[in-house]
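Participant: how would this look folded up:
(3 chains)
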Amino acid sequence: MIDSLLAPGKVATAGMRAQSERLLVISENIANAQSVGKTPGADPYSRKTVSFKSEVDNVSGATMVQVADYGTDKAPFRLELDPGNPAADKDGFVKMPNVNLMVEMADMREANRVYQANLQVFRQARELVSMTIDLMRT
Amino acid sequence: MIDAISKTSLLPELQMQPASAPTINKSGAVGGFDSVLKSVAADTVNSLYKSEMTAVAGINGKATVQQVVEQVMAAERTLQTTIAVRDKVVSAYQEISRMAI
Amino acid sequence: MSEIQLFGIASQQARWLGERQTVIASNLANASTPGYKAQDVVPFSSVLNGVEAGVRVTNARHMNVSGTVGQGGIADSPTATRTDPLGKTSHSGNSVSVEHELVKGAQVAGAYSLNTNIVKAFHRMLLMSVRS
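Facilitator: Residues are numbered from 1 along each chain as shown, chains lettered A, B, ... in the order given. Here you go, the predicted structure:
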């Protein structure tokens, strides 16, 4: 049965969890922005991505969200001239991770924004339940 | 939704009752007040039972918060009305019994 | 309109507001889901007029069984939803506007507060009038 007062809290929780996953992936990308391979010509860190899908919850009947898939960005690695690097190939070029810090920072801000919005819904849902139970008080 | 409305329809029922002239039935009690008290008591018991069931269902997660609250408040209204009616009926009966014949 | 009808209507509105809040939550949870279109419930006036008598579902799983509370079964049908026509679509196909949803959420909270306070007041008045 749908409890329309408790359902928003559940949905908001799923939303917060989804954005947290996203933030985790973003922070991993940022941490590994300079991680190159160990042997000459080896591939460096590949940017990770996460995608979401909407999912209808059987118990409450509300539309929630969950992680659909983790993936890797297939964008090409950029080359940097660094002959002294152990990962340098025969021409002295090192393959650098396909992580763009600007993109990651913007993504992080967006994820934060959506997380905060979901948190607001969660707080409000709690407030509505409190108002309802308050009715019974003399 | 209909339930919420019918639960509080107690008051109109009471307003309609006093119009009928009281009759003396077999037990000697006054018919009009007797039936009023009976129906009011029955409604109250019903309402209280329903609110208890809803509260239990609420604890089990089977009823919504809103339903529980509404049921409890409706039971409170019915109970208050019953108590008020009972008090009036009892005091009226006492007055009648005090009357010198 | 007598005060007795008030409790019934307030109950309907409270339920409608709760469902609107749920839809708003769903929209915000799916704010970064590609292809997701923002939803909203039908206006309360059409619920009151009984226009939404039949249950129009957007997803088969929205249809739920009638809940049994105590002795009487209280059939529980969700308010119909429809795609929010005001939503602007991003290039990923997502049409959720975070600000718009939060504004709607604030409206719901305000309306709900009014609803509960009205019910509380009328409940109290009714009890007082019976006590004499």
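Participant: quick one: list the elements packing against the lengthiest helix in chain B.
Facilitator: Identified as the longest helix of chain B according to DSSP state H is helix B:65-98. Under the contact criterion of 3 or more CB pairs under 8 Å, 6 or more residues apart in numbering or on different chains; DSSP states H and E, helix B:65-98 touches helix A:101-134, helix B:2-7, helix B:10-16, helix B:31-59, helix C:3-29, helix C:98-131. For every residue, glycine as well, the C-beta is placed using N, CA and C.
Participant: again, only using 7 Å
Facilitator: helix A:101-134, helix B:10-16, helix B:31-59, helix C:3-29, helix C:98-131 (3 or more CB pairs under 7 Å, 6 or more residues apart in numbering or on different chains; DSSP states H and E).
Participant: buried set for that helix?
Facilitator: Residues of helix B:65-98 classed as buried by neighbour count (16 or more other CB atoms under 10 Å in any protein chain shown): B:65-82, B:84-85, B:89.
Participant: which one of the helices and strands packed on helix B:65-98 has the lowest average pLDDT?
Facilitator: Among these, helix B:10-16 has the lowest mean pLDDT, at a mean of 39.
Participant: for the nearest residue to residue C:105 once chain neighbours are set aside, what are its contacts?
Facilitator: In space, residue C:105 comes closest to residue C:24 once its chain neighbours are excluded; the distance is 5.1 Å by CB to CB, 6 or more residues apart in numbering or on different chains. Residues in contact with residue C:24, defined by CB atoms under 7 Å, 6 or more residues apart in numbering or on different chains, are A:121, C:101, C:104, C:105, C:108.
Participant: can you check residue B:65 too?
Facilitator: Residues in contact with residue B:65 (CB under 7 Å, 6+ apart) are A:3, A:5, A:6, A:129, A:132, A:133, B:58.
Participant: now residue C:105
Facilitator: A:120, A:121, A:124, C:21, C:24.
Participant: the second one contacts residue C:23, doesn't it?
Facilitator: No: at 10.9 Å, residue A:121 and residue C:23 do not qualify as touching, with contact defined as CB atoms under 7 Å.
Participant: now chain A, which segments are flagged as low pLDDT?
Facilitator: Residue ranges of chain A with pLDDT under 70: A:1.
Participant: near chain C, which residues of it show up?
Facilitator: A:1-2, A:4-5, A:7-8, A:11-12, A:14-15, A:18, A:51-54, A:56, A:58, A:61-65, A:113-114, A:117-118, A:120-121, A:124-125, A:127-128, A:131-132, A:135 (CB under 7 Å from any CB of the partner chain).
Participant: tell me how far stretch C:19-36 lies from the chain's centre.
Facilitator: For stretch C:19-36, the gap between its own C-alpha mean and the chain's C-alpha mean amounts to 14 Å (CA atoms, centre = their mean, to the nearest Å).
Participant: ok, stretch A:54-62 next?
Facilitator: Relative to the mean C-alpha coordinate of its chain, stretch A:54-62 is positioned 21 Å out (CA atoms, centre = their mean).
Participant: any idea which residue sits dead centre in chain C?
Facilitator: residue C:16 (2.4 Å; CA atoms, centre = their mean).
Participant: and what of chain A?
Facilitator: Closest-to-mean residue, chain A, CA atoms, centre = their mean: residue A:22 / 0.5 Å.
Participant: and residue C:131, how many neighbours?
Facilitator: By the criterion of other CB atoms under 10 Å in any protein chain shown, residue C:131 has 11 neighbours.
Participant: ok, the closest residue to residue A:39 other than its chain neighbours - how many residues close by?
Facilitator: Ranked by CB to CB, 6+ apart and with sequence neighbours excluded, the top spatial neighbour of residue A:39 is residue A:87, at 6.8 Å. Residues contacting residue A:87 under the criterion other CB under 10 Å number 19.
Participant: checking residue A:87 next. Helix, strand or coil?
Facilitator: Following DSSP: H, G, I helix; E, B strand; the rest coil, we place residue A:87 in the coil state.
Participant: count of residues packed around the closest residue in space to residue B:73 that isn't next to it in sequence?
Facilitator: Nearest in space to residue B:73, with sequence neighbours left out and distances taken as CB to CB, 6+ apart, is residue C:123 at 5.5 Å. A count of neighbours around residue C:123, defined by other CB under 10 Å, yields 21.
Participant: wait, doesn't residue C:123 sit right on residue B:74?
Facilitator: No: counting by CB under 7 Å, residue C:123 stays clear of residue B:74, with 9.2 Å between them.
Participant: what about the strands in chain A?
Facilitator: A:48-56, A:63-72, A:78-81, A:93-96 (DSSP state E).
Participant: and of these, who's closest to residue B:45?
Facilitator: strand A:48-56 (41.4 Å; CB to CB).
Participant: quick check: angle from the closest one to strand A:63-72?
Facilitator: Counting by axes from the mean of the first three to the mean of the last three CA atoms, to 10 degrees, strand A:48-56 lies at 160 degrees to strand A:63-72.
Participant: the helices and strands packed on helix B:65-98 into a markdown table, with extra columns for distance to residue A:45?
Facilitator: Below are the helices and strands packed on helix B:65-98 laid out as a markdown table (distance: least, CB to CB, whole Å):
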| stretch | distance to residue A:45 |
| --- | --- |
| helix A:101-134 | 12 |
| helix B:10-16 | 73 |
| helix B:31-59 | 52 |
| helix C:3-29 | 30 |
| helix C:98-131 | 31 |
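Participant: nice, that's everything, thank you.
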